[in-house]
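In: Got a sequence here, can you model it:
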Amino acid sequence: MIKRKKTKRIYVGDVPIGDGTPVVVQSMTNTDTRDVEATLEQIKQLKDAGCEIVRLAVPDEEAAESFGKIKQSVDIPLIADIHFDHRLAIMAIEKGADGIRINPGNMKKSGLKEVIKAAKQASIPIRIGVNAGSLEKELLDKYHHPTVEALVESAIRSIRFFEDMGFDKIKISIKSSSVLDTIKAYELLSEKTDYPLHLGVTEAGTLISGTVKSSIAIGYLLLKGIGDTFRVSLTRPPVEEVKVAYEILRAVGLRKVGPEIISCPTCGRCQIDLFSLVEEVEKGLSDIKTPIKVAVMGCVVNGPGEAKEADIGIAGGKGNGILFKKGKLLKKVPEHLLAQTLIQEVKRMEQEMRR
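Out: From the prediction side, this is the model:
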């Protein structure tokens, strides 16, 4: 059982963050926010995938206006992502933003004060984002490099600035593209503050490299009890970020949502196209939210035994395969019906579990 670090509780819309509440999955749209219809469609896809909070880029006044239209059409909390121009943050707050994400390192103090006043009046939280690429000049002069200590000092400076203005609806992110620096920075920061922490590896990369880096850093920190919310940053459609996020939560034992597909890597005994079979099953079960362990194995000899802990599964052979439950044979199935049969049985099992 993971013992999570005690942090303050805040709310983004109606979603609680911190204070032992379930770790929250976030993502960010990659559509042009000014394109209202495209952004709404992507938000729907994210919500259907299990995303609980969505962040939108607000680079100009037109995007801020569109943000307001989008906010009126969704029932999921929206965060406005702001850089440089404090006026855009204030516009987004006026348009109904459930939270603001800013990087104090790239905003003038006078403008930052105005944002804090507006957020305080609207009673919404602000995420203080500290990135290695946008540290304050004086900290770079002091440390000569965006070191772990520099990142943490930047975060603590911002926290004190916000507190001096009587504002404490804060969550903090402190990101680097380095896995080790990200881990060390969050570990150090968690010792110095009890505000909720938003985890992530910034600019993590493509599907494979980004998944690996994010899984190591986020997974490690979650296992240590650090982190209240996170985003997996991938150079991929954001829905894939959400899928990876839930697999991380499942792997560390914090949350189980949707089917867990276990499958063999294939070997010389495999006589079916297992790669295509797994993809078809995964796609067919994408709307399932109940945690069911599903096995897709390539060998009828060892498959059921190796996957005996699965709730249900199939194992393929030449021309046919078997459907099994908890390692026990249920029936033989022609190869071309294996995926369809398994999908139907899993959906039937889900209905039974819901009764």
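
In: And the helices in the stretch 151-300 of the chain, which stretches?
Out: Under the criterion DSSP state H, counting those that start in this stretch, the stretch 151-300 of the chain contains helices at 179-192, 207-223, 238-251, 274-284.

In: Pipe these into CSV and attach mean pLDDT per row.
Out: As requested, these are arranged in CSV below (pLDDT from 0 to 100):
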stretch, mean pLDDT
helix 179-192, 95
helix 207-223, 96
helix 238-251, 95
helix 274-284, 92
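
In: hey, which of those is tucked in deepest?
Out: Across the helices of the stretch 151-300 of the chain, averaging neighbours per residue (mean count of other Cβ atoms under 10 Å) puts helix 238-251 on top, at a mean of 21. Backbone N, C-alpha and C define where each C-beta goes, glycine included.

In: Return the residues in contact with Val301.
Out: Val301 makes contact with Arg269 under the criterion Cβ atoms under 8 Å, 6 or more residues apart in numbering.

In: what's the pLDDT at it?
Out: Listed pLDDT for Val301 reads 73.

In: got a list of what the residue nearest to Ser123 when sequence neighbours are not counted touches?
Out: Spatially, and ignoring its direct neighbours in sequence, Ser123 is nearest to Lys169 (7.3 Å; Cβ to Cβ, 6 or more residues apart in numbering). Contacts for Lys169 (Cβ under 8 Å, 6+ apart) come out as Ile10, Ala119, Lys120, Ser123, Ile124, Pro125, Ile126.

In: tell me which helix or strand of the chain sits lowest on mean pLDDT?
Out: helix 303-306 (a mean of 76; mean pLDDT, DSSP states H and E).

In: From what I see, Gln42 and Thr31 are in contact.
Out: Yes. Taking contact to mean Cβ atoms under 8 Å, the distance of 5.1 Å between Gln42 and Thr31 places them in contact.

In: follow-up on the earlier one: which members of the contacts of Lys169 are classed as buried?
Out: Ile10, Ala119, Lys120, Ile124, Pro125, Ile126 (16 or more other Cβ atoms under 10 Å).

In: which residues pair with the first one across the strands?
Out: When bridges are called by DSSP bridges, Ile10 pairs up with Ile17.

In: I'd guessed it sits against Pro125; true?
Out: Yes. If you go by Cβ under 8 Å, Ile10 and Pro125 touch, sitting 4.7 Å apart.

In: shared neighbours of these two, anything?
Out: Lys169, Ile170, Lys171.

In: Can you pick out the ones from those that are in strands?
Out: Residues from these lying in strands, with DSSP state E as the criterion: Ile170, Lys171.

In: out of the shared contacts of Ile10 and Pro125, who's nearest Ile312?
Out: Comparing the shared contacts of Ile10 and Pro125 against Ile312 with Cβ to Cβ picks out Lys171 as the nearest, at 39.5 Å.

In: show me what contacts the closest one?
Out: With the criterion set at Cβ under 8 Å, 6+ apart, Lys171 makes contact with 10, 17-18, 125-128, 195-198, 228-229.

In: Repeat the analysis, applying 7 Å as the threshold.
Out: With contact taken as Cβ atoms under 7 Å, 6 or more residues apart in numbering, Lys171 is in contact with Ile10, Ile17, Pro125, Arg127, Tyr195, Pro196, Leu197, His198, Thr229.

In: that older thread, tabulate the contacts of Lys169 (a markdown table), appending pLDDT and secondary structure.
Out: As requested, the contacts of Lys169 are exported to a markdown table (pLDDT from 0 to 100; DSSP: H, G, I helix; E, B strand; the rest coil):
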| residue | pLDDT | secondary structure |
| --- | --- | --- |
| Ile10 | 98 | strand |
| Ala119 | 98 | helix |
| Lys120 | 97 | helix |
| Ser123 | 97 | coil |
| Ile124 | 98 | coil |
| Pro125 | 98 | coil |
| Ile126 | 98 | strand |
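
In: Tell me which residues of stretch 125-143 come out buried.
Out: Of the residues in stretch 125-143, those with enough neighbours to count as buried (16+ other Cβ under 10 Å) are 125-132, 134-136, 139, 143.
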